[in-house]
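In: need coordinates for the below:
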Amino acid sequence: MKILLLPALALAFVAQVAAATVNLNTATKDELVALNGIGPAKAQAIIDYRTQHGGFKSVEELKDVKGIGAKRFEKLKPELTVGSPPAAKGGPQAKPAKAVAVNGEIKAGK
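Out: Predicted structure coming up:
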């Protein structure tokens, strides 16, 4: 029985740790504040940096945020991840097709 229980506990632990990571590119202010050592002002600084720079390219880029030093970063690093930045609202816009009238007929333009 103990042999079966150990892998189940290990799997549950790994799943919990994986779910506990915070994506710097999508986290809300509340999610950032929930991190140890991050208060409302630092959370807002992270969001402002993310907005100004188009998202984080790596977790290490967090050190560029004012108030995040090497010690604080090392404590936070295991809890952080960087995924794709959120897409701009509305998404990419398709360009309308051009049409040209030739001898009274409409033909696709170039």
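
In: which SS class is residue 57?
Out: State at residue 57, reduced to three classes by DSSP: H, G, I helix; E, B strand; the rest coil: coil.

In: residues contacting the spatially closest residue to it that is not a sequence neighbour?
Out: Nearest residue to residue 57, sequence neighbours excluded (CB to CB, 6 or more residues apart in numbering): residue 82, at 7.0 Å. C-betas here are computed from N, CA, C, even on glycine. Residues near residue 82 by CB atoms under 8 Å, 6 or more residues apart in numbering: 23-25, 55-59, 61.

In: go on, residue 59?
Out: Taking CB under 8 Å, 6+ apart as the test, what residue 59 contacts is 24, 77, 80-82.

In: just among those, which is most surrounded?
Out: Looking at those with neighbours defined as other CB atoms under 10 Å, the largest count falls to residue 24 at 26 neighbours.

In: how near is the nearest residue to that residue once chain neighbours are set aside to residue 76?
Out: Distances taken as CB to CB, 6+ apart put residue 56 closest to residue 24, at 4.5 Å, once the chain neighbours are dropped. When distance is defined by CB to CB, to the nearest Å, residue 56 is 13 Å away from residue 76.

In: hey, what's in contact with both of these two?
Out: residue 62.

In: those two - which one has more neighbours?
Out: residue 56 (22 against 19).

In: the more buried one touches residue 25, doesn't it?
Out: Yes. Using CB atoms under 8 Å, residue 56 and residue 25 qualify as a contacting pair, with a distance of 5.6 Å.

In: this protein: helices as residue ranges?
Out: Secondary structure of the chain (DSSP state H): helices at 2-19, 29-33, 40-53, 70-76.

In: export the last one as CSV, just CAs?
Out: The reference is to helix 70-76. Taking C-alpha atoms only, helix 70-76 is exported to CSV below (Å, rounded to 0.1, in the frame of the first residue of the first chain):
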residue,chain,number,x,y,z
ALA,A,70,18.9,40.2,-6.8
LYS,A,71,17.9,38.8,-3.4
ARG,A,72,14.2,39.4,-4.0
PHE,A,73,14.4,38.0,-7.5
GLU,A,74,16.1,34.8,-6.3
LYS,A,75,13.3,34.2,-3.8
LEU,A,76,10.6,34.8,-6.4
